[in-house]
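> take this sequence and fold it.
(one chain, ligands or ions: 1)
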Amino acid sequence: MRPFDEDAMSVASGFSLAEREAVYHAIMTRRDVRSQFLPEPLPDDVVERLLTAAHHAPSVGFMQPWNFILVKSPTVRARIRDAFAKANEEAALMFEGERRQAYRSLKLEGITEAPLGICVTCDPTRSGSVVLGRTHNPRMDSYSTVCAIQNLWLAARAEGVGIGWVSIFHEADLKTILGIPEHIEVVAWLCAGFVDRLYDQPELSVKGWRQRLPLEELVFHDGWGRSER
Ligand SMILES: Cc1cc2c(cc1C)N(C[C@H](O)[C@H](O)[C@H](O)COP(=O)(O)O)c1[nH]c(=O)[nH]c(=O)c1N2
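Numbering: from 1, shown residues only. The predicted structure is shown next:
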């Protein structure tokens with residue numbers, strides 16, 4: 001018996017410099033988009049490539065727990081926008097004083113402006129009750145779904161498609177509007193549409209809400225809190 005099935009394993013051939021740069025370029029310039037969406041619909045082939053990128057994400061036990069509900073209907077998106085507005089008002093009241101004012105000044109969604117909404121869900125029952133790799137942490141299926149979202153987000157960057165993740169909802173409202181079964185988890189509402197410009201830095205950073213932390217403060221060596229190498 002051969003040690004590897006050579007038909008099933010391709011050789012790691014390496015990336016050219018330009019390909020390597022392209023990967024980092026997508027990562028560094030990806031943005032969360034709220035207000036720069038162009039109204040034209042996304043062509044089906046573009047959407048299919050984004051979903052294929054998502055579907056090639058890693059997943060615990062290869063369970064692929066995700067589903068993607070594509071929402072073009074303006075009526076449905078208006079209902080989603082109403083659900084956001086309700087939750088966003090509750091969120092504003094959780095901040096005090098000037099911070100509340102600042103919060104209210106932020107635009108935190110583009111649900112009706114973006115021509116496509118993608119509700120990404122996670123089905124914890126997708127491959128039975130005992131899942132390889134999820135046996136001691138049930139959240140691994142949600143984490144896998146987030147990996148799919150990040151794949152989609154990076155592929156979208158390369159396609160000139162902006163993505164905005166909106167999470168200011170009561171999950172129950174989204175489930176009611178979209179008819180999602182009780183046992184399915186809603187992981188994300190993504191606003192998707194072409195963009196012709198993007199912020200250079202996170203919009204929250206540009207607007208003074210919060211700045212990127214220095215990486216060196218986040219890296220420990222050989223144990224929590226140890227900054228010495
Ligand atoms: C899980 C999760 C949930 C949300 C977000 C992101 C993620 C990962 N983000 C986007 C977030 O604000 C943004 O990623 C950061 O501010 C960094 O900016 P860039 O993504 O680098 O542009 C986000 N943005 C927003 O305007 N409304 C929202 O409800 C959310 N929710």
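> give me the mean pLDDT for stretch 67-75.
Mean per-residue pLDDT for stretch 67-75: 98.
> try stretch 78-92
Average pLDDT, stretch 78-92: 98.
> now it, how far from the centre of its chain.
Centroid separation for stretch 78-92 versus its chain: 19 Å, with Cα atoms, centre = their mean, to the nearest Å.
> try stretch 214-229
So, by Cα atoms, centre = their mean, the centroid of stretch 214-229 is 27 Å from its chain's centroid.
> OK, contacts around the closest residue to the ligand within the chain?
Here the chain gets closest to the ligand at one residue, P202, 3.0 Å apart by Cβ to the nearest ligand atom. C-beta: built from backbone N, CA, C; applies to glycine. By Cβ atoms under 8 Å, 6 or more residues apart in numbering, the contact list for P202 reads 31-32, 212.
> tell me what the longest strand belonging to the chain is packed against?
Counting residues, the longest strand found in the chain (DSSP state E) is strand 185-194. Contact here means 3 or more Cβ pairs under 8 Å, 6 or more residues apart in numbering; DSSP states H and E; on that basis strand 185-194 packs against strand 116-122, helix 140-159, strand 161-166, helix 171-178.
> most packed of these?
Neighbour counts (mean count of other Cβ atoms under 10 Å) averaged over each of these peak at strand 161-166, with a mean of 24.
> run a quick neighbour tally on L218.
Other residues near L218 come to 7 when the count uses other Cβ atoms under 10 Å.
> so who does the residue most central in space within the chain touch?
When Cα atoms, centre = their mean is applied to the chain, the residue found nearest the centroid is I149 (4.0 Å). Residues in contact with I149 (Cβ under 8 Å, 6+ apart) are 54, 120, 165, 187-188, 190.
> which pair in these spans the largest distance?
Maximum pairwise distance among the contacts of I149 (Cβ to Cβ): 13.1 Å, between A54 and W165.
> the chain against the ligand: which residues are in contact?
Within the chain, the positions near the ligand by Cβ under 6 Å from any ligand atom are 31-32, 34, 108-109, 165-168, 202, 204.
> so where's the protein uncertain?
1-13 (pLDDT under 70).
> mind listing the helices for it?
For the chain, helices defined by DSSP state H occupy the ranges 17-29, 44-55, 74-93, 97-105, 140-159, 171-178, 203-206.
> distance to E217 for these - can I get that in a markdown table?
Below are these laid out as a markdown table (distance: least, Cβ to Cβ, whole Å):
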| stretch | distance to E217 |
| --- | --- |
| helix 17-29 | 20 |
| helix 44-55 | 32 |
| helix 74-93 | 28 |
| helix 97-105 | 23 |
| helix 140-159 | 23 |
| helix 171-178 | 33 |
| helix 203-206 | 16 |
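> out of the ones you listed, which gets nearest to V195?
Nearest of the helices of the chain (Cβ to Cβ): helix 140-159, 9.4 Å.
> specify the beta-bridge partners of G128.
Bridge pairing for G128 (DSSP bridges) gives the partners R126.
> burial measure for it, as a count.
Here the number of neighbours of G128 (other Cβ under 10 Å) works out to 8.
> the one 3 residues further on too?
The burial metric for V131, expressed as a neighbour count using other Cβ under 10 Å, is 21.
> mind listing what the nearest residue to K175 once chain neighbours are set aside touches?
Of all residues not flanking K175 in the chain, V186 sits nearest, at 6.5 Å (Cβ to Cβ, 6 or more residues apart in numbering). By Cβ under 8 Å, 6+ apart, the contact list for V186 reads 119-121, 169, 171, 174-175, 180.
> Throw the residues you listed into a markdown table and include distance to P138, thanks.
Shown next, in a markdown table, are the contacts of V186 (distance: Cβ to Cβ, whole Å):
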| residue | distance to P138 |
| --- | --- |
| C119 | 21 |
| V120 | 18 |
| T121 | 16 |
| F169 | 22 |
| E171 | 17 |
| L174 | 21 |
| K175 | 19 |
| I180 | 19 |
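> fine by me, thanks again.
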